[in-house]
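A.B. asks: Got a predicted structure plus its sequence, pasted below:
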Amino acid sequence: LASRPPLCAVAPCEGLREFAESLQQLMDSRDIEGHAGLDFIQKRLFQYLWKSQAEVLTDDEIYEAQAVLSFNLDPREGVAYLKKNLRKRVRTDLEVGEWLSP
């Protein structure tokens, strides 16, 4: 494995140091065990962030957030979700591209 620079955090906050240590452990785990563990964490993190935001969004913002979540997890599913749920604004591949690039 290629040598990587160490992850460093400089802050008075103990929580930030603990977070940096956890990130370093995740990166070490990825290097040893592969990406499966990180993929699992990524999916759960997206779900957690989605749930915490869903309570304050409008219906259109919820559909857009779900499309972004779906696209991040699987781009093909995200495009299909966009075309299915944002039919009024996103119908063609060109419109999908325009929606994805602000």
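C.D. replies: That came through fine.
A.B. asks: Which helix or strand in this protein has the lowest average pLDDT?
C.D. replies: One helix or strand of the chain scores below all others by mean pLDDT, DSSP states H and E: helix 36-54, with a mean of 75.
A.B. asks: tell me what that helix is packed against?
C.D. replies: helix 14-33, helix 59-73 (3 or more Cβ pairs under 8 Å, 6 or more residues apart in numbering; DSSP states H and E). For every residue, glycine as well, the C-beta is placed using N, CA and C.
A.B. asks: Only the buried residues of the shortest one, if you could.
C.D. replies: Of the residues in helix 59-73, those scored as buried under the neighbour-count criterion (16 or more other Cβ atoms under 10 Å) are Ile62, Tyr63, Glu64, Ala65, Gln66, Ala67, Val68, Leu69, Ser70, Phe71.
A.B. asks: Chain neighbours aside, what residue packs nearest to the third one?
C.D. replies: Right, Glu64. Using Cβ to Cβ, 6 or more residues apart in numbering and skipping residues adjacent in sequence, the residue nearest Glu64 is Leu86, 7.3 Å away.
A.B. asks: Please list all residues in contact with the one you found.
C.D. replies: Counting by Cβ atoms under 8 Å, 6 or more residues apart in numbering, Leu86 makes contact with Tyr63, Glu64, Ala67, Trp99.
A.B. asks: which residue is nearest the middle of this structure?
C.D. replies: Phe46 (5.1 Å; Cα atoms, centre = their mean).
A.B. asks: I figured that one hits Ser70, correct?
C.D. replies: No. Using Cβ atoms under 8 Å, Phe46 is not in contact with Ser70; the gap is 9.4 Å.
A.B. asks: Need the residues touching each of these two.
C.D. replies: Counting by Cβ under 8 Å, 6+ apart, Phe46 and Ser70 have no common neighbour.
A.B. asks: State the distance from Lys43 to Ser52.
C.D. replies: Distance, Lys43 to Ser52, using Cβ to Cβ, to the nearest Å: 15 Å.
A.B. asks: and stretch 68-87, what's its mean pLDDT?
C.D. replies: If you average the pLDDT over stretch 68-87, you get 79.
A.B. asks: How many residues are close by Trp99?
C.D. replies: Trp99 is flanked by 17 other residues according to other Cβ atoms under 10 Å.
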